[in-house]
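> sequence first, then the predicted structure:
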Amino acid sequence: MKYFKLSEIKSVRLNEIPELIKSKWAIFKIPHVFDIAELNSSLKITASTFQFVNKDNYDTYKGICLQSQLENDPSVYTDLDAKYYTLHKKTVSENQVQKNISHFNNAGELYKKTFADLSSQIKLDRGRILLAEPGCLLKQHEDGPRHMTLHIPLFTNSLAHMVINGEEYHLAADGSIYIANTALPHFIYNAGSSDRIHITFRMSPDSFIKN
């Protein structure tokens, strides 16, 4: 099942993105950055240590936080739920001031070394492992002005897609990074028979570190 025609994702280099996002855009791919087998090995440890909990009042959408606001925060569920602009009401559910959620917690420590190089180029913030089970369908929404989300797919299937501004995309789990313009109307769904699991980080145009 597809809601729209599947669109191609342009592959770029990470250092090209700050200039590219000055124009109209939806999503970019930075190919084959990570060893997907290594990431999935870490995921197995995480999943056996911590429980995925329901997110944003969905039964089929769950998560574990990798970062917290406070250093040495023992919780891996703080800041799990979204505080986003709804598509129709254009309001937010709490204070619009963005909180800094950049300290790797007990779950995130396992990935800290893996993301060391990436964190020298991008300010990694509000890292989470997000699980969309078969049958998951999120409501279309916007995350707020200038909001971007970095995705690293760990597991997926051919019927798990992201829809951004009416264009549908499949994010392959091949070690690539995807950066999505989540200031635009978007949602995800999983019409397949297996899980879709992504690591995500919150971003904005200010997240890029100038070397």
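Thanks, I have the structure now.

> worst-scoring helix or strand of the protein, pLDDT-wise?
The weakest-scoring helix or strand in the chain, judged by mean pLDDT, DSSP states H and E, is strand 85-86 (a mean of 32).

> ok, now how distant is Asn190 from Trp25?
In this structure, Asn190 lies at 24 Å from Trp25, with Cβ to Cβ, to the nearest Å as the measure. For glycine as for every other residue, the C-beta is placed from the backbone atoms N, C-alpha and C.

> have a look at these two and say which one is more surrounded.
With neighbours defined as other Cβ atoms under 10 Å, Asn190 and Trp25 compare such that Asn190 has more, 23 against 17.

> buried stuff in the top helix by length along the chain?
With residue count as the measure and DSSP state H as the assignment, the chain has helix 36-49 as its longest helix. Neighbour counts over helix 36-49 (16 or more other Cβ atoms under 10 Å) mark Ile36, Leu39, Ser42, Leu43, Thr46 as buried.

> can you count the residues close to the closest residue to the last one other than its chain neighbours?
If you skip the residues right next to it in sequence, Thr46 has Ala107 as its closest partner in space, 5.7 Å away by Cβ to Cβ, 6 or more residues apart in numbering. Using other Cβ under 10 Å, Ala107 is surrounded by 23 other residues.

> am I right that Ala107 is in contact with Val76?
Yes: with contact taken as Cβ atoms under 8 Å, Ala107 and Val76 are classed as touching, separated by 4.3 Å.
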